[in-house]
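Peer 1: build me a model:
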Amino acid sequence: MGKIFDLKVGGIEIRNPIVLSAMAGVTDSEFAALNAKNAGIVVLGAYNLDEASKAAGKEAAARGRSEFEAGEENGSDIFIHIEKEIEAVKSKMPETIPAISVRSADLEPLLKAAELIKRKNAIMELDVHCRQPEFTERGLGQALLKDESKLEAAIRKIKETGVVLSVKFRTNVVSPKTAAEVFDAAGADILHADAMIEGKGADLEAITEIRNATGKLLVANNSVDDFDAALEFFSSGADMVSAARAAADDAEFIPHLVEKITKYQLETGWYNAPKHICKRGDNRGLAFCCPPVKYCSLLKKIENIGFTPEEFIRLKQNSIKGTPLEGGEDTCFGSLVWCCKGTKPCYYRDEALSRLGIPLAEYMKMKKELSEKILNAADEKKAAVSN
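Peer 2: Prediction:
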């Protein structure tokens, strides 16, 4: 079977959208091989690189949280440890991409780690996520979100090494949209968002905000404990989802997610197709909208991306010229370009697809291409206005 998912970042191809997230003191290469054997990415760590982060780890360990000293056993060199861990993942899990989560108050150790991780064709993840007081009091973890200029400068410097960089952060610490724009502008390749509502589970709206603010690879994390939870994140704008505790509780959890999402992709053609705009879907959902002929949420959405109703109609019609989406004269608006998401029941759409000999999965792939054309046109118009 050929490539099922079109997931690629910085020249690294990722075989599926399921990620093992970092858990301090737990997610090492051995754990990954046992509990995430066919994940797209496994994130190991997080690892402390400098004196400040190591001191924080020791203090956390002194109050019983020894996991925050991961990789520092017996005074071993943390960079040698990281290199061995990357090599172990590549040996035990040759189709899975290793990522390394790191912390450091000083920039130089981050740059050293970036050079090493790039050389090993892995992914570096900057931990802007940790909320343990020993770290945040030293300006590490989520405290970095409060120093936007320092964080942005660090990301830019790290990216100068050429490493593929992920940034993991909590969406309830700063505005998800603001964080996404800052990380995107600084050059981060992956945004790993812990979409957390304290005591209430996952914040799907935060993922949609981020999706509308950036085209970078988006990994959603929090409360992914079954396939339905993963699917909610995917339809809210995530390219990938990550899990940690569920994987620790059940070694078959990640393989099960991989199996389910692979089957779903083959059946539907667009595993992370957005919700409809009227259901608070992200901007990609414009591919499924009717013409703007009545008052609804579509009007506000197309205004937000910089188009008039007439321009939006022309854009969609011009984007599908010469494609099968021009067909469907018996559908509600005379063309499949205006038809809804394939997973929503619709007799007229399905009859048109059947007459044209278009499988549902192919229809959804064409809708995905249409969404990309719409968003590219919106970006071009925004850039033109800015200039």
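Peer 1: could you use CA atoms for every contact and neighbour count after this?
Peer 2: Will do.
Peer 1: which intervals of this structure have sub-threshold pLDDT?
Peer 2: Where the chain drops to pLDDT under 70, the residues are 1-2, 73-75.
Peer 1: domains in it, as residue ranges please.
Peer 2: 8-268, 277-386 (automatic domain parsing).
Peer 1: among these, show me which one is buried the most.
Peer 2: domain 8-268 (a mean of 20; mean count of other C-alpha atoms under 10 Å).
Peer 1: distance from the strand or helix carrying Glu181 to the middle of the chain?
Peer 2: Using DSSP states H and E, Glu181 sits within helix 176-186. Taking C-alpha atoms, centre = their mean, to the nearest Å, the mean C-alpha location of helix 176-186 is offset from the chain mean by 13 Å.
Peer 1: how about stretch 105-119?
Peer 2: Distance, centroid of stretch 105-119 to centroid of chain: 23 Å (C-alpha atoms, centre = their mean).
Peer 1: which residues does that stretch contact?
Peer 2: 49-50, 52-53, 79, 83, 100, 102-104, 123-124, 138-140, 154, 157-158, 161-164 (C-alpha atoms under 8 Å, 6 or more residues apart in numbering).
Peer 1: those residues in helices, which ones?
Peer 2: 52-53, 79, 83, 154, 157-158 (DSSP state H).
Peer 1: out of those residues, flag the one nearest to Ile305.
Peer 2: Ala154 (30.6 Å; C-alpha to C-alpha).
Peer 1: spatially nearest residue to the closest one, not counting backbone neighbours?
Peer 2: Leu107 (6.8 Å; C-alpha to C-alpha, 6 or more residues apart in numbering).
Peer 1: against Ala244, how distant is that neighbour?
Peer 2: Using C-alpha to C-alpha, to the nearest Å, Leu107 is found at 28 Å from Ala244.
Peer 1: closest to Gly201 out of the ones in helices among the contacts of stretch 105-119?
Peer 2: Ser53 (28.9 Å).
Peer 1: and the residue lying closest to that closest one once chain neighbours are set aside, what does it touch?
Peer 2: The spatially closest residue to Ser53, leaving aside those adjacent along the chain, is Ser104, at 5.7 Å (C-alpha to C-alpha, 6+ apart). If you count contacts by C-alpha under 8 Å, 6+ apart, Ser104 has them with 48-50, 52-53, 110, 140.
Peer 1: try it again with 10 Å
Peer 2: 47-54, 110, 126-127, 135, 138-141 (C-alpha atoms under 10 Å, 6 or more residues apart in numbering).
Peer 1: repeat for Leu44
Peer 2: Neighbours of Leu44 in contact, by C-alpha under 10 Å, 6+ apart: 20-29, 31-32, 70, 82, 85-86, 89, 98-102, 124-125.
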